[in-house]
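Student: Got a sequence here, can you build the structure:
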Amino acid sequence: MIHLMISTAIGAAVFFAIFYFKIHWGLALTASIAAMMGVNYLLGRRINKAITQLMEQVSQDLKGGKMDRAIRTLEGGLKYGRYQFFVTSQFRSQIGVIHYIKKDFNAAFPYLKKSFIRNWVAQGMLAVHYMRKKDKENMVKTFNRALRYNPKESLLWNLYAYCLLRMGNRDEAIEALVKALKKLPGDEKLQNNLINLQNNKKMKMKNYGELWLQFHLEKIPGAIGQKPPPYPMQHGKRVIRR
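Tutor: Numbering: from 1, shown residues only. The predicted structure is shown next:
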């Protein structure tokens, strides 16, 4: 945000400086846009480098099982949210996910509630939190919002159906999987669970492995209680956006 303000101010200054000398307004506009984009790029590059280094440290902490230290590192990175859009929500997503994996659900909730909409893991954990609180309205609302932005995530669809089933809504769970298969035709995990629900059987989620385990909805013998997030802690241009 600060970067946008600075680049916009510089762009405006260039425009009025050129326009003041009665040069064609089209040239003034082109020059101001070029200046704005150039300044924004240079400022963003500096912040992205700092964020990349921070995320590398977080990844090392998680690999070493230092989850509390990873949380502190991410909390320190929240300051970068003043400079670029979406940074704060993405860091909050990661903090919430780590708290959740530690089974510190109360600490996770405020971060998950403000998590990045495209982080489907964080959004899924938020929906599960509402399910545990028997708050079906917010659970459904959270799943629908997450699936609107992440329609190709098979586990997210199955998680939605699983939570509906846990709340005693088998018919709605079936409807969710029918809708899921329209988005992901041929997905075996979705098809198998739809057949199970239609035959009054339990859903089978263990074939998602650690991705499923992190939601703490089902115990598997021999499973490790607390593990670092199994998905990559992404950073850089792919996730941190200006």
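
Student: distance of K102 from M205?
Tutor: Counting by Cβ to Cβ, to the nearest Å, the gap from K102 to M205 is 21 Å. Every residue, glycine included, has its C-beta placed from N, CA and C.

Student: With neighbour numbers in mind, choose between these two.
Tutor: M205 (21 against 17; other Cβ atoms under 10 Å).

Student: And the more buried one, how close does it get to Y162?
Tutor: Where Y162 is concerned, M205 sits at a distance of 6 Å (Cβ to Cβ).

Student: so what sits against both of the two?
Tutor: Jointly contacting M205 and Y162 under the rule Cβ atoms under 8 Å, 6 or more residues apart in numbering are L217.

Student: Just want the most central residue of this structure.
Tutor: Computing the C-alpha centroid of the chain and ranking residues by Cα atoms, centre = their mean puts N119 first, at 1.6 Å.

Student: That residue reaches I95, doesn't it?
Tutor: No. In this structure N119 lies outside contact range of I95 using Cβ atoms under 8 Å: 11.2 Å.

Student: follow-up on the earlier one: quick one: contacts for the residue nearest to the centre of the chain?
Tutor: With Cβ under 8 Å, 6+ apart, N119 has these contacts: Q90, S93, Q94, V97.

Student: name the element the third one belongs to?
Tutor: Using DSSP states H and E, the element containing Q94 is helix 87-101.

Student: What part of this structure, helix or strand, is modelled with the least confidence?
Tutor: helix 2-20 (a mean of 45; mean pLDDT, DSSP states H and E).

Student: would you list the contacts of N119 in JSON lines and tack on distance to N169, pLDDT and neighbour count?
Tutor: Below are the contacts of N119 laid out as JSON lines (distance: Cβ to Cβ, whole Å; pLDDT from 0 to 100; neighbours: other Cβ atoms under 10 Å):
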{"residue": "Q90", "distance to N169": "32", "pLDDT": "90", "neighbour count": "25"}
{"residue": "S93", "distance to N169": "27", "pLDDT": "94", "neighbour count": "26"}
{"residue": "Q94", "distance to N169": "31", "pLDDT": "94", "neighbour count": "28"}
{"residue": "V97", "distance to N169": "26", "pLDDT": "96", "neighbour count": "24"}
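
Student: and these, which two are the farthest apart?
Tutor: Greatest spatial distance among these (Cβ to Cβ): Q90 and V97, at 10.9 Å.
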